[in-house]
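Asker: Got a predicted model here, sequence first, then my questions.
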Amino acid sequence: MNITKAMIPAAGLGTRFLPVTKSLPKEMLPIIDKPILQYIVDECINSGIKDIYMIIGRDKDTIIKYFSSNITKEHSVKIHFIEQKEPLGLGHAVSLGKEGIGKEPFALLLGDEIFVHSNPILKQLIDVFQIKNHSILGVTKVKREEVSAYGIVQGEKTDSFINIKSIIEKPSPQEAPSTIASIGRYILTPEIFPILETLEAGYHNEIQLTDGLQKLLEIQNITGVFIQGKRFDVGSKIGYILGTLDIAYHHEKYHDDVKNYIQKLFL
Ligand code: G1P
């Protein structure tokens, strides 16, 4: 089955990026000359997505204005906006996309991370979904001291996959069952929606997608796919700096200047 619908939640408070996020959604921070959200939308377009459901919050106007100015019209993708009136958590944000998504499997992309690889990360997951026909999570190994920033999975592992047995949201380094993290790229089947509706608030008093996935495991296999490519956690300040630097360094127009400047720093 083809995946043609994607959901992008962009309604978070961006607390890791204060103070600029007091007035600008973190997803609108620029990398060179495009907001982070545009990189995520491009990943969707390059993976065959036709409809994007963007969940937007209190700073919705800047996002709507940007995407209404026809830059995506040349591509055959339609962006639909859905408002999340209160920041009740990622699980709640995803539940709001239910009507638009309907009964199809769909892609979910979070704005915290961008990837650099010739084969888009989302496409890598879709290819595995087409073989497995159940929910798929993008995963990667992180350092033990970093586990409390992620949903951490545990299960039977091969070089490329992990057959997930459990998932826990932001455990402490001591309690984490592994150091394999979910990286904000998912293919989910619509069975997730009724589960999300019954969830109570979890970690950080928010309705957590991770808790929904743990329940989904009771009725469906979930495969984690070790993603190929360079990953930048652009929701953190250092990840944003390094991501910007890497993209500028590989940019046709800025490569030489960036390289010369970095060399000069070490003289
Ligand atoms: C979210 C998810 C978490 C996942 C992470 C990936 O957390 O809740 O499970 O590992 O994205 O970026 P957030 O970064 O929104 O706090």
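Answerer: Okay, I see it. All of these numbers come straight from a predicted model, not from anything done at the bench.
Asker: from memory residue 235 sits against residue 150, does it?
Answerer: No: between residue 235 and residue 150 there is no contact under Cβ atoms under 8 Å: 11.3 Å. Using the backbone N, CA and C atoms, a C-beta is placed for each residue, glycine as well.
Asker: what sits up against stretch 226-235?
Answerer: Here stretch 226-235 makes contact (Cβ atoms under 8 Å, 6 or more residues apart in numbering) with 14, 16-17, 26, 29, 31, 36, 111-117, 119, 121, 124-125, 138-141, 149, 159-162, 183, 185, 239-240, 242-243, 246.
Asker: In helices only, show me those.
Answerer: Among these, DSSP state H puts 36, 121, 124, 125, 239, 240, 242, 243, 246 in helices.
Asker: Get me the contact residues on the stretch 151-267 of the chain for the ligand.
Answerer: 151, 169, 181, 182, 183, 184, 209, 210, 235 (Cβ under 6 Å from any ligand atom).
Asker: who's in contact with the fifth one?
Answerer: Translated: residue 183. 113, 138, 139, 140, 150, 227, 231.
Asker: which residue packs closest to it, ignoring adjacent ones?
Answerer: Nearest in space to residue 183, with sequence neighbours left out and distances taken as Cβ to Cβ, 6 or more residues apart in numbering, is residue 138 at 4.8 Å.
Asker: Equivalent analysis for the fourth one, please.
Answerer: Excluding the flanking residues, the one nearest residue 182 by Cβ to Cβ, 6+ apart is residue 151, at 4.1 Å.
Asker: and if you look at residue 215?
Answerer: Residue 215 sits nearest to residue 195 (Cβ to Cβ, 6+ apart), 4.8 Å away.
Asker: residues in contact with the closest residue to the ligand within the chain?
Answerer: Here the chain gets closest to the ligand at one residue, residue 151, 2.6 Å apart by Cβ to the nearest ligand atom. Residues near residue 151 by Cβ under 8 Å, 6+ apart: 167, 168, 169, 170, 181, 182, 209, 210, 213.
Asker: Please flag which of the residues you listed sit within helices.
Answerer: Counting by DSSP H, these contribute 209, 210, 213 to helices.
Asker: how about the spatially closest residue to the last one that is not a sequence neighbour, what does it touch?
Answerer: With sequence-adjacent residues excluded and distances taken as Cβ to Cβ, 6+ apart, residue 213 is closest to residue 167, at 5.2 Å. If a contact means Cβ under 8 Å, 6+ apart, then residue 167 has 137, 151, 152, 153, 154, 182, 210, 213, 214, 217, 222 as its contacts.
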